[in-house]
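Q: how does the following fold in three dimensions:
(4 chains)
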There are 2 protein chains.
Amino acid sequence: MSEKRDPYHHGQLRAELLKAGLALLDGEGVDAVTVRAVARSAGVAHSAPANHFKDRRALLTGLAVEIFRGRAEAAERIFSEGAESPKERIKLFARDWLASGLAFPHRYRLIWRRDCLDPQNTILNAEMDRIYDPLVALFSEAGGQVHVSPQSQAIALWSLLHGYLSMRLNGNLVEGLDEITGRPREDAILESWLTSQNI
Amino acid sequence: MSEKRDPYHHGQLRAELLKAGLALLDGEGVDAVTVRAVARSAGVAHSAPANHFKDRRALLTGLAVEIFRGRAEAAERIFSEGAESPKERIKLFARDWLASGLAFPHRYRLIWRRDCLDPQNTILNAEMDRIYDPLVALFSEAGGQVHVSPQSQAIALWSLLHGYLSMRLNGNLVEGLDEITGRPREDAILESWLTSQNI
DNA sequence: AGATATAAATAGACAATGTCAATATTATTT
DNA sequence: AAATAATATTGACATTGTCTATTTATATCT
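A: Below is the predicted model of the structure:
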């Protein structure tokens, strides 16, 4: 009833368009993900995508949802089985977030490019909450002696990670070692922040 | 010899184009800042800007330089005469950075959109150093008892500010109060971070 | 001053893109 | 089998960035 198989030429055109879009994104960035380019990659007419994505925004939103969902699932895995202490879980999440952002810079940029995405789409925010809520819970559980709420702690951590990543991916910061500890700067900053939260 | 006055129709076309571009940027965001739109605003032919800006990238870079320069000058003022203690100066800078980002969201976004700007242009990085270097010096001077370098402290603070602002401007975060202190969340986070640096 | 070079603006063209409309083809439902 | 819906195709259009050729104004030089 809802199984579509080989309609006209394809049957999985939507999936193929997303696949092509992801390849273009990884390769040349979001500007290369045009409606016509993904159509070409998939071997269909330039207006074929319109049947599956209302417009370019919808196409990019489809990509962003897939990407964010992957990160949220990774985060959930870490939160539920990653380590013993809340602090360790938070640290694992933070490291994973940084590593995946550095590994797939164009993907990371896209999920924050709200001007490219559908603002009506609530899925992105929902995926974000799949990370935010457990993070708040972890800070609650950790019970650090700080004078701000777990919510503010979670937002602060995420701001720290996102700001650092943004500047790294933007070329404003370069990889480097902390001048005192000699460790990778992002490790040093992260460790220092976690410690300062007394957790 | 180098004074240009009223050549052809204009004489200040470059300045007028930047002015028009800034108005478009503030009003509708970077996508509205097209070569042809600024030409229309200035009342010249669509290809007139080419005499002053090699391409759209150069135009946007011109805008970004002006914007960043303004922020750097504000920062220098704060660093040199803002307050007594290093901690207070750092705090004033941070608040100013947050406030200006929230007040002119499109400007703030543009200066970080390296994909829109000329990567060869070193002026932007130079303007950034006009903030970064004194900030490092202030952390040095403050001499907090933390286990990371002043450089890492400066990068951490900037990451925190930039990440928070990015998410606020992107709509991922909303204005709100810290659940414990009842103060604006960004104030609470900032104060908490500064305190944790023992400065 | 007058000739000439340079700078600054204009008009026109081109390819690429997003998107719309009209049409054709295949699937599904009745 | 017929009708309907879904999916894809072709063609068109306005917009944009950018290139070329051309015109006009300013500056320079003898």
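
Q: alpha carbons only for contacts and neighbour counts from here, please
A: Will do.

Q: quick test: name the residue nearest the centre of chain A.
A: In chain A, the C-alpha nearest the mean C-alpha coordinate belongs to A:Phe68, at 4.4 Å (C-alpha atoms, centre = their mean).

Q: return the set of buried residues in the host helix or strand of that one.
A: A:Phe68 belongs to helix A:56-81 when elements are defined using DSSP states H and E. Neighbour-count burial for helix A:56-81 flags A:56-69, A:71-72, A:75-76, A:78-79 (criterion: 16 or more other C-alpha atoms under 10 Å in any protein chain shown).

Q: quick check: mean pLDDT of whichever helix or strand comes after that helix?
A: Remark: after helix A:56-81, the chain's next helix or strand is helix A:86-103, criterion DSSP H and E. Helix A:86-103 carries an average pLDDT of 97.

Q: helices or strands up against helix A:86-103?
A: Judged by 3 or more C-alpha pairs under 8 Å, 6 or more residues apart in numbering or on different chains; DSSP states H and E, helix A:86-103 is in contact with helix A:56-81, helix A:123-142, helix A:150-170, helix A:185-196.

Q: helix or strand next in line after that helix, which one?
A: Downstream of helix A:86-103, the next assigned helix or strand under DSSP H and E is helix A:105-111.

Q: quickly check: that following helix near DNA strand C or not.
A: No: applying C-alpha under 7 Å from any atom of the strand, one finds helix A:105-111 out of contact with DNA strand C, separated by at least 14.6 Å.

Q: could you pull up phi and psi at the spatially closest residue to A:Arg14 that is not a sequence neighbour?
A: Of all residues not flanking A:Arg14 in the chain, A:His52 sits nearest, at 5.9 Å (C-alpha to C-alpha, 6 or more residues apart in numbering or on different chains). When read as degrees, to the nearest 10, the backbone of A:His52 gives phi -110, psi -20.

Q: leaving out the residues flanking it, which one is nearest to A:Leu124?
A: Distances taken as C-alpha to C-alpha, 6+ apart place A:Val65 nearest to A:Leu124, at 5.9 Å, with adjacent residues excluded.

Q: contact partners for that neighbour?
A: Counting by C-alpha atoms under 8 Å, 6 or more residues apart in numbering or on different chains, A:Val65 makes contact with A:111, A:123-124, A:127.

Q: can you check A:Leu177 too?
A: Taking C-alpha under 8 Å, 6+ apart, we find A:Leu177 in contact with A:183-185.

Q: A:Ile123 is in contact with the residue nearest to the centre of chain A, correct?
A: No: using C-alpha atoms under 8 Å, A:Phe68 is not in contact with A:Ile123; the gap is 9.5 Å.

Q: before we move on, back to that, read off the pLDDT value for the residue nearest to A:Arg14.
A: 97.

Q: tell me how many other residues surround it.
A: By other C-alpha atoms under 10 Å in any protein chain shown, 13 other residues sit near A:His52.

Q: count of neighbours near A:Gln145?
A: Counted with other C-alpha under 10 Å, residues neighbouring A:Gln145 total 10.

Q: report the separation between it and DNA strand D.
A: In this view, A:Gln145 and DNA strand D are 52 Å apart by C-alpha to the nearest atom of the strand, to the nearest Å.
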